[in-house]
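>>> Kindly generate the corresponding structure for this input.
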Amino acid sequence: MAASLSDAAKTCCMCFGPVKGRTYRSVSSDISIQQWGPIFTQLGAKLNGYLCNFCINKLNRVCRLEEDSKTKVQQILLEKEKLMGILSEMSGVKLSRTDSELTSTLPASTPKESKKRPVHVALTPNTVTPKSKRGLFVTPRKNVTPKVLKQKPCVVDKSMQTKTINSDFVVKVMVKSMENERTYIVHDKMQQKLIKVLVNKGTESAFCKHLSKKQAYRADMTEVVKKQIVKEIQEVVKRRESLLRCSSNEILFNFDWNTTYSSIEKKMPTLMSLLKCTVISKKKCSPHIVMAASILLYARNQTINLIQFILGIILDSSGLTKEVRKTNK
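Okay, the predicted model is just below:
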């Protein structure tokens with residue numbers, strides 16, 4: 001009794017709500033200071049007391065978001081370094097880099113004063129200087145030309161494209177209740193597409209279209225349709241139902257193909273939708289669809305024989321011979 005009174009007297013120091021049960025944490029404990037100390041300093045609040053389960057979940061959520069932000073920043077920096085390395089290896093960047101290095105290493109060309117050597121020439125009677133005593137000419141400096149590198153074809157890396165890669169596409173599902181919060185990362189591509197359809201508020205047909213692309217889901221969807229067809233047939237086959245049953249002469253006299261078609265479609269919409277897929281024009285082929293449905297139902301229960309009676313009357317009135325009747329047997 002004393003323990004229950006002490007628990008009822010505890011209140012949360014953040015939301016001032018009552019602390020229920022034993023799901024609370026002391027702010028002054030070592031674990032709380034180590035785990036949530038930076039958050040309290042950012043808030044600029046000096047708290048003392050207890051925390052309820054609701055506030056504890058909020059603080060844990062902030063810690064997880066802080067860790068996620070650090071990992072995201074590291075991934076961005078690594079991708080940036082990778083892209084810079086790819087850009088630096090391109091032929092155009094290398095060519096411009098070599099041109100700048102060559103121009104920086106070449107010395108500045110300053111004009112030098114050419115000192116002429118004094119040449120002592122002994123004049124001869126013919127006034128011709130011998131070859132051995134002619135003046136020497138300075139050879140011109142060779143101009144250094146930078147080497148031109150051959151441009152290699154640029155290979156575009158997939159990481160340079162703006163389109164996101166499938167491995168970087170992450171779908172995280174968060175399930176939140178009154179007190180608990182759970183997160184789950186979806187790795188299956190088909191499940192990611194289905195969640196994307198739900199987030200984009202897609203239609204039910206789009207959801208089923210993506211779901212039917214996988215063989216396992218397609219087989220399960222077929223099983224669901226089978227069970228629905230069996231359920232509809234079981235309702236029609238019951239004795240209290242008068243659909244496609246020749247119980248009186250009035251039913252034979254008042255028979256109409258369109259009326260029968262609409263009544264069958266109302267009782268068995270799933271089966272009729274499958275039968276309608278086999279014909280092109282649904283309006284003109286109502287007798288064909290009704291006859292196909294009646295033949296299938298007659299194979300299950302022979303009391304559903306309205307169409308068989310009508311066909312027999314038509315054939316008998318049109319002059320069907322006894323030999324043809326024997327062949328049908």
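
>>> Tell me which residues of the longest helix anywhere in the chain come out buried.
The helix spanning the most residues in the chain, taking DSSP state H as the definition, is helix 53-88. Of the residues in helix 53-88, those buried by neighbour count under the rule 16 or more other C-beta atoms under 10 Å are Asn53, Cys55, Ile56, Leu59. Glycine gets a C-beta too; all of them are placed from N, C-alpha and C.

>>> For it, which helices and strands make contact with it?
Contacts defined by 3 or more C-beta pairs under 8 Å, 6 or more residues apart in numbering; DSSP states H and E place helix 53-88 against helix 30-43.

>>> which other residues reach the helix it packs on?
Contact partners of helix 30-43, identified using C-beta atoms under 8 Å, 6 or more residues apart in numbering, comprise Arg25, Ser26, Val27, Lys46, Leu47, Leu51, Leu59, Val62, Cys63.

>>> which non-adjacent residue is nearest Thr23?
Nearest in space to Thr23, with sequence neighbours left out and distances taken as C-beta to C-beta, 6 or more residues apart in numbering, is Asn53 at 4.0 Å.

>>> Same check on Asn258?
Once chain neighbours are set aside, the closest to Asn258 by C-beta to C-beta, 6+ apart is Ser286, at 5.8 Å.

>>> any idea how far Arg300 is from the one you found?
In this view, Ser286 and Arg300 are 22 Å apart by C-beta to C-beta, to the nearest Å.

>>> More neighbours: these two, which one.
Each of Ser286 and Arg300 has its neighbours counted (other C-beta atoms under 10 Å); Ser286 has more, 21 against 11.

>>> and that one, what does it touch?
Under the contact definition (C-beta under 8 Å, 6+ apart), the residues listed for Ser286 are Trp257, Asn258, Tyr261.

>>> measure the residue lying closest to Val19 once chain neighbours are set aside to Glu89 for me?
Using C-beta to C-beta, 6+ apart and skipping the chain neighbours, the partner closest in space to Val19 is Lys10 (4.1 Å). With distances defined as C-beta to C-beta, the gap from Lys10 to Glu89 amounts to 64 Å.

>>> Helix or strand: which one has Val175?
In the assignment (DSSP states H and E), Val175 maps to strand 171-176.

>>> same deal with Leu244?
Counting by DSSP H and E, there is no helix or strand that carries Leu244.

>>> Helices of the stretch 151-300 of the chain, residue ranges please.
Ranges of helices within the stretch 151-300 of the chain are 189-199, 204-211, 215-237, 249-253, 257-267, 269-276, 286-300, based on DSSP state H, counting those that start in this stretch.

>>> Now that we have those, can you turn them into CSV and tack on distance to Val93 and mean pLDDT?
Compiled in CSV, the helices of the stretch 151-300 of the chain are given as follows (distance: least, C-beta to C-beta, whole Å; pLDDT from 0 to 100):
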stretch, distance to Val93, mean pLDDT
helix 189-199, 37, 81
helix 204-211, 44, 80
helix 215-237, 49, 88
helix 249-253, 89, 82
helix 257-267, 71, 89
helix 269-276, 63, 89
helix 286-300, 71, 88
